[in-house]
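> I'll drop the sequence and a predicted model, then ask my questions.
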Amino acid sequence: MRILQVHTRYRQAGGEDAVVEAERSALEAAGHEVVQHIEENPARPVGAAVSLAGSLWNPRSARRIGREVAAIRPDVAHVHNTWFASSPSVLAALKRRGVPVVMTVHNYRLACVNGLFLRDGAPCEKCLEHGPWPAVQHSCYRGSRATSAVAAAGIAVHSGLGTWGRLVDRFIVLSDFARSRLIRAGLPPIRLVVGSNFVADPGRRGVAPSESRNVLFVGRLAGEKGIHVLLDAWRAVSSSGLRLDIIGAGPGARACSAGAPGTTGCHLSRPSSSRRGDGSFAGGEGFGHPVHLVRGTTGGRARRPRGWNAAGPLRHRWAAGGAAWTRCRVALCTKPDRRVDASPRGAEQRHSSRSAWRSCPWALPGRLHPGSAWEQLPLVPF
């Protein structure tokens with residue numbers, strides 16, 4: 001199968017970029033041809049402003065991907081991020097040329113200006129309830145009313161035109177919660193399937209997690225990633241002889257640095273290596289399925305997230321550690337009601353990729369089928 005992978009890289013590399021590369025590698029290892037169409041969000045202020053102004057509909061991006069489709073004639077296109085350099089125009093270009101489109105929705109950008117449903121450290125769903133315009137008043141995108149207005153206009157226009165529902169054949173979302181919010185935002189429920197992120201299985205670890213005194217956090221050091229939740233908890237256990245390794249960068253770095261209140265036994269370093277600890281904490285309050293969380297659990301047993309409170313998922317704490325569920329393969333696109341239970345009790349109830357495919361509405365007739373690349377991905381479930 002020939003797959004056209006479409007993605008717009010962020011100015012600061014993150015989890016979405018890692019997912020795109022992981023999928024490409026897995027598909028090519030399974031014998032499929034993957035052609036990447038990658039756009040770049042400009043880093044310089046002037047270029048970024050011009051590109052942002054065209055985020056509503058960028059005809060140049062549409063022409064570029066049209067030429068790509070004509071040259072390679074893909075069987076299917078898998079679209080990831082289109083914000084902001086590509087714009088939804090690339091979806092229209094694919095549709096005009098008869099290419100089936102699958103889109104992975106990594107965040108809430110289709111309904112929320114900042115993509116988080118989070119404002120001032122608290123849950124905010126005003127965009128769902130009243131449309132995107134309250135985001136302009138609150139300067140939700142990069143603290144600017146002007147840029148927030150551009151982003152809000154894009155949401156309003158494409159929601160009104162039904163752009164996503166008309167141009168995308170299947171949406172992959174990362175959690176049941178995200179699915180419910182996107183349905184409220186107007187996406188057709190029948191086209192939304194839940195599929196977790198994945199990493200390659202590294203095999204069983206050589207040392208039992210219980211023998212380690214290390215705790216590891218990997219992620220951007222920002223409020224929406226839950227770093228403040230971890231630090232609050234650390235103050236209660238920092239005298240127990242544990243060591244907290246924090247790998248990341250961001251506005252919360254100062255609070256994590258040596259000498260900050262409550263950081264005894266806490267060590268901060270820039271992202272450059274992969275480590276294992278007794279527990280892994282990764283990106284954090286809100287939505288999705290962070291890749292670092294999956295990496296942190298590939299050497300051990302995942303404790304199922306629990307405790308969704310009345311405020312929604314934003315007080316949700318993730319933790320992982322132990323040794324149980326490695327070497328498991330599931331389809332990327334299992335139905336929500338057939339999600340794999342990653343708890344110890346559910347370890348014997350895992351579904352094979354083939355059985356998941358038989359009940360999977362993600363398959364496009366005549367294009368994607370059992371035995372294709374998605375079935376063969378060596379996935380670790382969450």
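Looks like it came in fine. The model shown is predicted, which means the values in this text are computed figures rather than measured ones.

> tell me what the helix ranked longest in the chain is packed against?
Counting residues, the longest helix in the chain under DSSP state H turns out to be helix 145-161. Applying 3 or more C-beta pairs under 8 Å, 6 or more residues apart in numbering; DSSP states H and E, we find helix 145-161 packed against helix 45-53, helix 134-137. Backbone N, C-alpha and C define where each C-beta goes, glycine included.

> and for that helix, what are the contacting residues?
With contacts defined as C-beta atoms under 8 Å, 6 or more residues apart in numbering, helix 145-161 is touched by 52-53, 55-56, 84, 87-88, 110-113, 127, 131-133, 135-142, 163-164, 185-186.

> Report the contact partners of residue 43.
Residue 43 is in contact with residue 11, counting by C-beta under 8 Å, 6+ apart.

> how much space between it and residue 120?
Using C-beta to C-beta, to the nearest Å, residue 43 is found at 27 Å from residue 120.

> related to what we said a few turns ago, tell me the helix or strand right after the longest helix of the chain.
Where DSSP states H and E defines the elements, the next helix or strand beyond helix 145-161 is helix 163-167.

> Who does the helix or strand just after that next one pair with, and is each partner parallel or antiparallel?
Per DSSP H and E, the first helix or strand lying C-terminal to helix 163-167 is strand 170-173. With DSSP bridges as the test, strand 170-173 is paired with strand 101-105 (parallel), strand 192-194 (parallel).

> What segments of the stretch 151-300 of the chain are helices?
163-167, 176-184, 227-237, 253-256, 291-297 (DSSP state H, counting those that start in this stretch).

> what's the longest one packed up against?
The criterion is 3+ C-beta pairs under 8 Å, 6+ apart, and the helices and strands that helix 227-237 contacts are strand 243-247, helix 253-256.

> Of all the ones you listed, which one is nearest residue 266?
Minimum separation from residue 266 across these (C-beta to C-beta) falls at strand 243-247, 4.5 Å.

> Can you name every helix or strand that the closest one contacts?
Applying 3+ C-beta pairs under 8 Å, 6+ apart, one finds that strand 243-247 makes contact with strand 214-218, helix 227-237, strand 266-269.

> can you do 6 Å?
The contact analysis (3 or more C-beta pairs under 6 Å, 6 or more residues apart in numbering; DSSP states H and E) places strand 243-247 against strand 214-218, strand 266-269.
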